[in-house]
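>>> All I have is the shape, not the residue letters:
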């Protein structure tokens, strides 16, 4: 039996934070006819950005993350502002978080960060010929160490549990798909 | 200057749902000395599961997702229950969502679904020699189509935007890392 769309019969905002709103949606199951409530997080568009230097280092960032309360090594990423072109936002995020600039960002792909609960997407960008060009520009909630890393180190950094962010792994998938010459595994000697 | 840990000086629960709690944490930046508030989602452990059949099909699921309000094609996944061994939970999720059973689940890796905001991890499992063995066992909020898919189709399904879930792409990374013989790209003729 083909799947049929669910019918939304109610939406309530139950919390609002600086970075998302939390809703309680009520929907009717087409399979059972039962009424079910779901949590839905309304979130802005996100982007991950891979600035890559001429000698094939990817500029990663290490920062304190309040969700897991640990320092984590990640790809550059952030929120695309309302009305901002994602490509412009990607260059801005790379510049603010790392001080690196390079060629115009090229979009590689788009993913759902969490389609079960969140309504947003995350665009993934590549910036080639990235070079240090300015100082970081962090807001009060940021505290970021710049970590240029050979692309060929990435498989080992994931296997050792140093890179754990799912959006980083998705970015690396898209890098392989669109730029197999930059596939980290292929660059391992 | 090395990064220093942030100091948490307050935590308030501001909402509670069936699948997570939302907290507002207050912390002091070691860099600026400023007090900053963060949203933190307290979520249970998650797992993704890749049941793979003897003829190298991965058993995917298509379901209506209330976050994006669309049908999405994904890897099997769900919540590990409190006190449940993740390996047991992985076999349970595969059985409930698809009716497939196979060899004991093998853990491939672990990722952070969203370390900026969420406190949880997601374990990724492989189940080999998966075969249909029972009917699905869905709860009222689920509505799941079983989609056995040749592993070699995965790169195309991501590139076409059919598979967009970041946790699926992370699962595929770990499959390549731990079982290169099952790397979807390597299986493309």
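Great, that's in hand. Everything quoted here is computed from the prediction, not taken from an experiment. Numbering: from 1, shown residues only, chains lettered A, B, ... in the order given.

>>> For the one helix or strand residue A:88 maps to, buried residues please.
Per DSSP states H and E, residue A:88 falls inside helix A:86-98. Within helix A:86-98, the residues that count as buried by 16 or more other CB atoms under 10 Å in any protein chain shown are A:86, A:87, A:89, A:90, A:91, A:92, A:93, A:94, A:95, A:96, A:97, A:98. No exception for glycine: its C-beta is placed from N, CA and C like everyone else's.

>>> Rebuild those residues as CSV, extending it with pLDDT.
What follows is the buried residues of helix A:86-98, written out as CSV (pLDDT from 0 to 100):
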residue, pLDDT
A:86, 97
A:87, 97
A:89, 97
A:90, 98
A:91, 97
A:92, 97
A:93, 96
A:94, 97
A:95, 96
A:96, 95
A:97, 95
A:98, 96
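
>>> Of these, which ones also sit close to chain B?
Among the buried residues of helix A:86-98, no residue sits close to chain B (CB under 8 Å from any CB of the partner chain).

>>> Of those, which pair is most distant in space?
Spanning the widest gap among the buried residues of helix A:86-98 are A:86 and A:98, at 17.9 Å by CB to CB.

>>> returning to that earlier point: and which of the buried residues of helix A:86-98 is nearest residue B:176?
Among the buried residues of helix A:86-98, and counting by CB to CB, the member closest to residue B:176 is residue A:90, at 25.9 Å.

>>> residue contacts, that closest one?
A:47, A:49, A:105, A:107, A:123, A:125, A:127 (CB atoms under 8 Å, 6 or more residues apart in numbering or on different chains).

>>> just residue A:22 next, same as before
A:13, A:14, A:15, A:16, A:39, A:40, A:41, A:42, B:15, B:17, B:22.

>>> Just the ones in helices from the residues you listed, please.
Of the positions in the contacts of residue A:22, not one sits in helices, assigned by DSSP state H.

>>> between those, which is closest to residue A:61?
Closest to residue A:61, out of all of the contacts of residue A:22 and judged by CB to CB, is residue A:41, at 23.8 Å.

>>> That closest one: neighbouring residues, count only.
Applying other CB atoms under 10 Å in any protein chain shown, we find 25 residues neighbouring residue A:41.

>>> Looks like it contacts residue A:20 (just checking).
Yes - counting by CB atoms under 8 Å, residue A:41 does reach residue A:20; the two are 5.0 Å apart.

>>> Give me the angle between the one helix or strand residue A:123 maps to and helix A:86-98.
Element membership for residue A:123, per DSSP H and E: strand A:122-127. Counting by axes from the mean of the first three to the mean of the last three CA atoms, to 10 degrees, strand A:122-127 lies at 70 degrees to helix A:86-98.

>>> Whether strand A:122-127 contacts chain B - can you check?
Yes - using CB under 8 Å from any CB, we find that strand A:122-127 touches chain B at residue A:122.

>>> Distance of the residue most central in space within chain A relative to residue A:31?
Taking CA atoms, centre = their mean, the centroid of chain A lies closest to residue A:48, which sits 4.0 Å from it. Using CB to CB, to the nearest Å, one obtains 35 Å as the distance from residue A:48 to residue A:31.

>>> again, but for residue A:18
37 Å.

>>> And for residue A:63?
Counting by CB to CB, the gap from residue A:63 to residue A:31 is 43 Å.
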